[in-house]
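Q: Fold the following, please.
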Amino acid sequence: MRLSALQTFLTIIETGSLSRASEKLNITQSTVTARLQALEDDLGHTLLHRHRSGVSVTAAGLRLKRYAEAMSDLWRQARQEIALPDHVRLICNFGVHHSLWTGLGQVIFENICQLRPDIAVSVWSGNSAQISDWLDAGLVDIGLSHAADVKSNQSVFELAADRLVLVSPDPQNPIAFDPNYIYIEAGTDFGRQHATAFASAGIANISFNNPLWGLEHLLQNGGAAYLPYRLVEQHLASNSLFILDGVPEFTRRVYFSRNDEATSQWQWLDQAIGMI
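A: Alright, predicted model coming up:
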């Protein structure tokens with residue numbers, strides 16, 4: 001089995017057809033067909049059904065997709081590490097939930113760079129499930145997320161929870177029935193608690209699953225939104241945002257995970273976390 005066949009398989013799924021895959025890979029369609037056929041022959045299963053409008057993935061193809069992505073990522077990571085300068089002793093791959101970079105992930109990153117200027121640090125952005133899978137596959141060495149998905153090769157530590165506060169550019173912004181309220185997704189527990197606290201407030205017209213995007217919209221257009229305190233602290237200090245009174249605050253758990261095998265000799269890692 002060749003890596004090129006796996007990458008071709010993934011490109012077919014991404015583009016939705018053999019012809020578009022050949023264009024993206026800059027190879028002939030016959031080469032794409034031959035690689036797919038060789039992969040199916042090696043595995044003894046049909047991976048894709050071909051239709052006039054494109055392709056559909058079989059059950060076997062769906063099962064292979066996860067491993068193909070991991071193998072492709074590992075190969076890309078290996079090429080990156082091999083190309084590092086001789087003075088770089090190792091690389092630390094850091095998976096960070098997209099909502100945790102500002103004010104927390106970036107601090108950990110800077111602590112690592114300060115403590116170990118002789119290593120390379122690569123940051124991967126993803127959701128909690130992706131970060132757990134990357135840790136399990138060895139694609140990242142450490143992770144920062146909102147879920148404690150403990151696996152046999154990982155250690156997980158709970159950090160200080162995110163404090164979620166209701167903020168607005170207008171300190172007198174209405175709380176009940178605010179037509180400009182922005183809902184920022186912050187996990188299942190928050191969604192349930194929020195629905196209980198604001199049962200009579202209706203449904204927000206605008207919502208984001210990324211607090212940074214929600215913050216940008218809030219600053220430009222006004223309204224109110226629950227956001228992590230660490231994200232809005234500077235805006236509160238400059239009076240460009242205000243915490244609204246008379247409403248509950250919420251919290252969202254934060255976890256730091258490490259691949260035990262990869263980080264067993266990294267004594268400096270505990271210091272980097274302790275400096276938060």
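Q: Wait, residue 55 touches residue 46, no?
A: No - with contact defined as Cβ atoms under 8 Å, residue 55 does not reach residue 46; the gap is 11.1 Å. For the C-beta atoms, the positions are set from N, CA and C on the backbone; glycine is no exception.
Q: who's more crowded, those two?
A: residue 55 (20 against 13; other Cβ atoms under 10 Å).
Q: and that one, helix, strand or coil?
A: When classified by DSSP: H, G, I helix; E, B strand; the rest coil, residue 55 comes out as strand.
Q: Okay, and the beta partners of it?
A: residue 50 (DSSP bridges).
Q: In the stretch 151-276 of the chain, what residue spans correspond to helices?
A: In the stretch 151-276 of the chain, the helices defined using DSSP state H, counting those that start in this stretch lie at 188-197, 211-221, 229-237, 260-263, 268-274.
Q: Residue 16: which of those helices is closest?
A: helix 211-221 (27.5 Å; Cβ to Cβ).
Q: For the helices of the stretch 151-276 of the chain, give me JSON lines that also has distance to residue 244 and mean neighbour count.
A: Formatted as JSON lines, these follow (distance: least, Cβ to Cβ, whole Å; neighbours: other Cβ atoms under 10 Å):
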{"stretch": "helix 188-197", "distance to residue 244": "13", "mean neighbour count": "13"}
{"stretch": "helix 211-221", "distance to residue 244": "12", "mean neighbour count": "17"}
{"stretch": "helix 229-237", "distance to residue 244": "12", "mean neighbour count": "16"}
{"stretch": "helix 260-263", "distance to residue 244": "42", "mean neighbour count": "14"}
{"stretch": "helix 268-274", "distance to residue 244": "33", "mean neighbour count": "16"}
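Q: Run through the strands of the chain in chain order.
A: Applying DSSP state E to the chain gives strands spanning 48-51, 54-57, 91-97, 120-126, 142-145, 154-168, 181-184, 206-208, 224-228, 242-243, 250-259.
Q: Residue 247 versus residue 178, what's the distance?
A: 11 Å (Cβ to Cβ, to the nearest Å).
Q: Over to residue 158?
A: 26 Å.
Q: the more surrounded of these two?
A: Neighbours were tallied for residue 158 and for residue 247 using other Cβ under 10 Å; the higher tally belongs to residue 247 (15 against 10).
Q: Return the set of residues that bridge with the nearest residue to the more buried one once chain neighbours are set aside.
A: Leaving aside its sequence neighbours, residue 247 sits nearest to residue 166 (Cβ to Cβ, 6 or more residues apart in numbering; 5.0 Å). Here residue 166 sits in beta bridges with residue 226, going by DSSP bridges.
Q: Tell me who's in contact with residue 166.
A: 175, 224-226, 243-244, 247, 249 (Cβ atoms under 8 Å, 6 or more residues apart in numbering).
Q: Including pLDDT and distance to residue 271, could these go into CSV?
A: Listed next are these as CSV, based on pLDDT from 0 to 100; distance: Cβ to Cβ, whole Å:
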residue, pLDDT, distance to residue 271
175, 75, 43
224, 93, 39
225, 94, 35
226, 96, 33
243, 96, 33
244, 93, 38
247, 90, 38
249, 94, 31
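Q: For residue 116, which residues are in contact?
A: Contacts of residue 116 (Cβ under 8 Å, 6+ apart): 92, 268.
Q: Tell me which of the strands of the chain sits most buried.
A: strand 142-145 (a mean of 26; mean count of other Cβ atoms under 10 Å).
Q: okay, the strands of the chain in CSV with distance to residue 192 next?
A: Formatted as CSV, the strands of the chain follow (distance: least, Cβ to Cβ, whole Å):
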stretch, distance to residue 192
strand 48-51, 40
strand 54-57, 34
strand 91-97, 20
strand 120-126, 24
strand 142-145, 20
strand 154-168, 13
strand 181-184, 13
strand 206-208, 16
strand 224-228, 14
strand 242-243, 22
strand 250-259, 10
